[in-house]
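J.: Model the structure of this input:
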Amino acid sequence: MSVVTTERAKPGRQRSEAADNAILDATLDLLGEHGYASLTMAAVIAKSGVSSATLYRRWPTKQELVAAALATLHAEIVDIDTGSLRTDVIAMVHASADAMAVRREDIADDLAIELRRNPEFRVAVNEKFILPRRRVMAAIVERAQLRGELGASIDAETAYAFIAGPLHNRMYVQGKPLSAAFQRTVATGALAAMIAVAAEG
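T.: Now for the predicted structure:
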């Protein structure tokens, strides 16, 4: 009896994954072809071949859908615990740099403009990208404080800014690669900044 149940459940999961992939791939294709402003849920439904119920059950809004599609281009940053603040920061810099380095040139500029003028889209993107990174950073900071490596006067948002800020500036403002040497510099600077700020209180 349990075998039959398992066999019946598996195709459903496969179909669900196939539908997810079809929707997200179609969204990225349409973004590249027409841009964010011209992308519609109806166009995604038509291109992906799914029903409207299937799409809206997964992603009720265009902002959430596009954020989810963009997330497929980047590896998820999971909890980092190497045992010391220094090596945690180095690992966080590497993970963040690897994520930023994945760039779709056909959609990057259009989405950058949309992020500046569309607060709802920015919220959706932040929930998909920024908040998970801050949660990882919060865990790093908390463990460092418990080990006595950091004082109490620093929060995860500030700590992550010391990492994300230089990387973002290098990649998106200067248009330069995130080289290994630059990542080492960022890690050294971020670590020193975190310790200095945390010691202020």
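
J.: And for Thr54, the neighbour number?
T.: For Thr54, the count of nearby residues is 17 (other Cβ atoms under 10 Å). To be clear about C-beta, it is placed using only N, CA and C from the backbone, and glycine gets the same treatment.

J.: what helix or strand does it sit in?
T.: When elements are assigned from DSSP states H and E, Thr54 belongs to helix 52-58.

J.: Following the chain onward from that helix, which element is next?
T.: Counting by DSSP H and E, what follows helix 52-58 is helix 62-71.

J.: In space, not sequence, find me the middle residue of this structure.
T.: Central residue of the chain (Cα atoms, centre = their mean): Phe129, 2.8 Å from the mean position.

J.: thinking again about what came up before, quick check: buried residues in the helix holding Thr54?
T.: Applying a neighbour-count criterion of 16 or more other Cβ atoms under 10 Å, one finds Thr54, Leu55, Arg58 buried in helix 52-58.

J.: Now the first one. Nearest residue, chain neighbours left out?
T.: If you skip the residues right next to it in sequence, Thr54 has Ala19 as its closest partner in space, 5.5 Å away by Cβ to Cβ, 6 or more residues apart in numbering.

J.: what do you get for Ala71?
T.: Using Cβ to Cβ, 6+ apart, the closest residue to Ala71 is Lys128 (4.9 Å).

J.: what's the neighbour count on Ala99?
T.: By other Cβ under 10 Å, neighbour count at Ala99 equals 17.

J.: Then the one 4 residues further on?
T.: By the other Cβ under 10 Å criterion, the neighbourhood of Arg103 contains 12 residues.

J.: ditto for the one 4 residues further on
T.: Ile107: 22 surrounding residues under other Cβ under 10 Å.

J.: residues contacting it?
T.: Contacts for Ile107 (Cβ atoms under 8 Å, 6 or more residues apart in numbering) come out as Leu28, Leu31, Gly32, Gly35, Tyr36.

J.: What is the three-state secondary structure of the first one?
T.: Pointing back at Leu28 there. helix (DSSP: H, G, I helix; E, B strand; the rest coil).

J.: hang on, it packs against Ala71?
T.: No. The criterion here is Cβ atoms under 8 Å, and Leu28 misses it with Ala71 at 10.8 Å.

J.: Can you pull the domain assignment for the chain?
T.: Domain assignment for the chain, taken from automatic domain parsing, gives 2-61, 85-198.

J.: Run the chain-centre distance for the shortest one.
T.: In terms of Cα atoms, centre = their mean, to the nearest Å, the centre of domain 2-61 is set 20 Å apart from its chain centre.
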